[in-house]
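>>> got a sequence here, can you model it:
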Amino acid sequence: MGLHRDPSNLPRITPYQGEMRRRMWNLAVQIDLLVAFHLGLPCMIHGIESDTALPRNLLDSDFSEDSTELPPSRPMTDYTPVTYPINKARIARGFGLVARLSHSLTLPSYTEVMRVDARIQDVWSCVPLFMKVKPLSECVTDAPMLVIQRFGLAALYQKSRCVLHRRYLVDPRPLKEHDYSRRTCLEAAIALLDYQSTMFEATKPGAILAQNGWFSASLAINDFLLADMIVALAVQRQNESEDGIDWMATCTPPVTKESLIEMLKHSWDIWTDMSATVKDCLKAANVVRTMLRRIQTQLGINIEGFDSPDDSTQTGSVGSSSQQTSSMSDTTMGSVYTSSPPDGYRGYNDAEPLVPTLANLGMTDPNIASIEGQNDASNQQHMNVADPWGMSQTQSGYDWNQFDALTRGPTDMIPDIIPQFPPMPPLAQQNWIDQNNYNDFGDFLATNAWNSFPGM
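As a prediction, this is how the structure comes out:
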């Protein structure tokens, strides 16, 4: 189809067709990049050299199939149906550079990491102010889809920062020159957990996004789990650089391990509540629960409001908490909480106090769009590395049998209703091949072969 080439370089492409091709190509790039990273694979399209430009910021009424020339692009301060795709494509291109470094077979230099970081910051600074996250109290008159788009852009930006700098969070010897990366990674993770809390409140019945609860069950789940993992690692690692200075104190605002544990527990509360209606959140709740238990064991502390491994019951659960989370291999998509109120959100007693939001902890998201004429306080939102994924370790390494149980589905539970066909004998296979042999190379090499199909 040639979508990787800009239509201006191709003959017999009308302006309307060229603009549609630009939109399709940029959407294909985003899907390939995000899905590939979600699966832990390198993307395919980035291996193709492309000169296709971004689509123009135009309304659908600005041009038609009969247009002989495209009108100039509207300014990015004008909201159109392609304003979000354009900004997301720009951020996704920066994330593509991050993914390349993440999948690189050799450790990238810190200079290259900072170069990509500068690219991400430049792209984010070009995002219009009305497309950045605002407190929900200021979004009452905004369309729900616009609110979701704001969180979508911000989440991808923060995810890029997390993935780019997370390797420096587990340095054997924390170097002072890497303090920026550790601080940036942690701040981005805190921002993601703040988005999770805000979106959870916004999708409750009667809230601004009550009809858009699907957003919390999308690929964003993996972004929030990434943030949980980073916060758990920051709590378990030492927070002093080689010069003895606490790098966490240099965050904006400063954070402590106690405040990070509260954030992680609040995230666990959200996963647990959502697991009553969203089955995918049950495994996430069990993963975060394992993180909190490891923190309790490693630091020798008791997290208030969090049940210890000795607890035998949990309000709103089907069985005991030890039975549900003793092993990640026992987690199934059918194990859901059933004793929840009609609204389907709270799995705990309503009289139980909520975990403090990030605002109550003194946390401020530095990426929230500032409102002119207001101070910083008015812009606050309400809201030995142990393996954090629950994988048991032996003296020889990971328990790979348990890993297989996590990654593979049940293969020995084939329903009886599925017919089982006996294998075809080798002689019958060869007879079938001889009878159905077809030489398609002649037609394939013939003129205009791409527009024809061989007959059987």
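
>>> so which bits of stretch 82-101 are buried?
82-99, 101 (16 or more other CB atoms under 10 Å). Where C-beta positions appear, they are placed from N, C-alpha and C, glycine not excepted.

>>> contact partners of that stretch?
Residues from elsewhere that reach stretch 82-101 (CB atoms under 8 Å, 6 or more residues apart in numbering): 23, 26-27, 29-30, 33-34, 36-37, 42-43, 46, 54-58, 76, 108, 112-113, 116, 119-120, 123-124, 126-128, 131, 149, 152-153, 156-157, 159-160, 163-164.

>>> if you set the cut-off to 7 Å instead, what comes out?
Stretch 82-101 has contacts (CB atoms under 7 Å, 6 or more residues apart in numbering) with 23, 26-27, 29-30, 33, 37, 43, 46, 54-55, 57-58, 76, 108, 113, 116, 119-120, 123, 127, 131, 149, 152-153, 156-157, 160, 163-164.

>>> report the mean confidence score over it.
When pLDDT is averaged along stretch 82-101, the result is 93.

>>> repeat that for stretch 37-45.
Stretch 37-45 comes out at a mean pLDDT of 85.

>>> please point out which parts of it sit buried.
Using 16+ other CB under 10 Å as the test for burial, stretch 37-45 gives 37, 43, 45.

>>> name only those of the contacts of stretch 82-101 that count as buried.
Buried members of these, counted by 16+ other CB under 10 Å: 23, 26, 29-30, 33, 37, 43, 46, 54-55, 57-58, 76, 113, 116, 120, 123, 127, 131, 149, 152-153, 156-157, 160, 163-164.

>>> just for the stretch 201-350 of the chain, where's the confidence low?
Residues of the stretch 201-350 of the chain that meet the criterion pLDDT under 70 lie in 214-219, 238-247, 249-250, 305-350.

>>> tell me where it has helices.
Secondary structure of the stretch 201-350 of the chain (DSSP state H, counting those that start in this stretch): helices located at 220-236, 257-274, 280-299, 321-325.

>>> need those helices in TSV with mean neighbour count, can you?
TSV is the format used below for those (neighbours: other CB atoms under 10 Å):
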stretch	mean neighbour count
helix 220-236	22
helix 257-274	22
helix 280-299	20
helix 321-325	17
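
>>> closest to residue 206 out of the ones you listed?
Nearest of these to residue 206, taken as CB to CB: helix 257-274 at 16.0 Å.

>>> any chance you could list what contacts the helix or strand where residue 120 lies?
Applying DSSP states H and E as the criterion places residue 120 in helix 110-125. Around helix 110-125, the neighbours that count as contacts under CB under 7 Å, 6+ apart are 90, 91, 94, 97, 98, 101, 157, 160, 161, 164.

>>> would you list the phi and psi of the third one?
Reported as degrees, to the nearest 10, the phi and psi values for residue 94 are phi -70, psi -40.

>>> go on, the first one?
Main-chain torsions, residue 90, degrees, to the nearest 10: phi -70, psi -50.

>>> report the contact partners of residue 270.
Contacts of residue 270 (CB under 7 Å, 6+ apart): 196, 197, 200.

>>> of the residues you listed, closest to residue 289?
Looking across the contacts of residue 270 and measuring by CB to CB, the closest to residue 289 is residue 196, at 15.9 Å.
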